[in-house]
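J.: sequence first, then the predicted structure, then my questions.
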Amino acid sequence: KQEVTQIPAALSVPEGENLVLNCSFTDSAIYNLQWFRQDPGKGLTSLLLIQSSQREQTSGRLNASLDKSSGRSTLYIAASQPGDSATYLCAVKITGGGNKLTFGTGTQLKVEL
Amino acid sequence: GAGVSQSPRYKVAKRGQDVALRCDPISGHVSLFWYQQALGQGPEFLTYFQNEAQLDKSGLPSDRFFAERPEGSVSTLKIQRTQQEDSAVYLCASSLYGDQPQHFGDGTRLSIL
């Protein structure tokens, strides 16, 4: 059974700092990996999607990397802002496992002024 | 509407009552997913539809949970004889096809007293 773990569970940083969020998964036979953002009381907003054949994806200040062999992904946020405060979730879609997503427990990020 | 719409946003029910949660996917999206998110956890897969066909219901926790999508558009998740452990946020997502990115609604927060 695929298990997804995110470290740290919570993180507080001053504005402007660069930071890295970690995601690890136990089964390397993934179809893709996706990073989401969730604001309190809201649904999930997709940030980046990395196909299994890709190593990284970039969008603005966000960069996500994928290392299938080691079962790891990182989300790098450059020059963090208070508006980045949210919970960040990674999710994997398993090859041959249907189209469902398996989520980690999330990292709750707070960027302080 | 432009996004996935869920109703009601909040639902309070007494233990033992039946509840019905509604999801309106993005128009034209073939695939529809239901997830359950407990407090402080990542979403967990419940069930998946392709048009009106329920292709995967492996995540439904018990036979008290039932989902349908009779016309291949709106979906309803029904929980019979609710119990306190059913308290969670229920998220609906849709995608154009099964392997495309999933777009999430804001969820229904269910509280069982």
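T.: Perfect, thanks for sending it. Numbering: from 1, shown residues only, chains lettered A, B, ... in the order given.

J.: is it true that A:Phe103 touches B:Gln36?
T.: No. With contact defined as Cβ atoms under 8 Å, A:Phe103 and B:Gln36 do not form a contacting pair (10.9 Å). In short, each C-beta sits where N, CA and C put it, glycine included.

J.: do stretch B:15-29 and chain A come into contact?
T.: No. Remark: stretch B:15-29 sits outside contact range of chain A, by Cβ under 8 Å from any Cβ of the partner chain, the gap being at least 11.1 Å.

J.: start and end of that stretch, how far apart?
T.: Stretch B:15-29 has its terminal residues 34 Å apart, counting by Cα to Cα, to the nearest Å.

J.: chain A contacts on chain B?
T.: Going by Cβ under 8 Å from any Cβ, the residues of chain B near chain A are B:4, B:31, B:33, B:35, B:40-45, B:48, B:55-56, B:59, B:91, B:93, B:95, B:98-99, B:101-107, B:109.

J.: and the residue of chain A found nearest chain B, how many neighbours?
T.: Residue of chain A nearest chain B, by Cβ to the nearest Cβ: A:Phe103 (3.3 Å). A:Phe103 sits with 23 neighbouring residues when counted by other Cβ atoms under 10 Å in any protein chain shown.

J.: which ones are touching it?
T.: The contact partners of A:Phe103, by Cβ atoms under 8 Å, 6 or more residues apart in numbering or on different chains, come to A:Val4, A:Leu89, A:Cys90, A:Ala91, B:Tyr35, B:Gly42, B:Pro43, B:Glu44.

J.: next step: the residues of chain B next to chain A restricted to strands.
T.: The strands, defined by DSSP state E, take in B:31, B:33, B:35, B:44-45, B:48, B:55-56, B:91, B:93, B:95, B:103-104, B:109 from the residues of chain B next to chain A.

J.: in ChimeraX, select just the buried ones from the residues you listed.
T.: Buried members of these, defined by 16 or more other Cβ atoms under 10 Å in any protein chain shown, are picked up in ChimeraX with:
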select /B:31,33,35,44,45,48,56,91,93,95,103,104,109
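
J.: columns pLDDT on top of the ones in strands among the residues of chain B next to chain A, output as a markdown table?
T.: A markdown table is the format used below for these (pLDDT from 0 to 100):
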| residue | pLDDT |
| --- | --- |
| B:Ser31 | 95 |
| B:Phe33 | 97 |
| B:Tyr35 | 98 |
| B:Glu44 | 97 |
| B:Phe45 | 96 |
| B:Tyr48 | 95 |
| B:Leu55 | 94 |
| B:Asp56 | 94 |
| B:Leu91 | 97 |
| B:Ala93 | 96 |
| B:Ser95 | 93 |
| B:His103 | 93 |
| B:Phe104 | 94 |
| B:Arg109 | 97 |
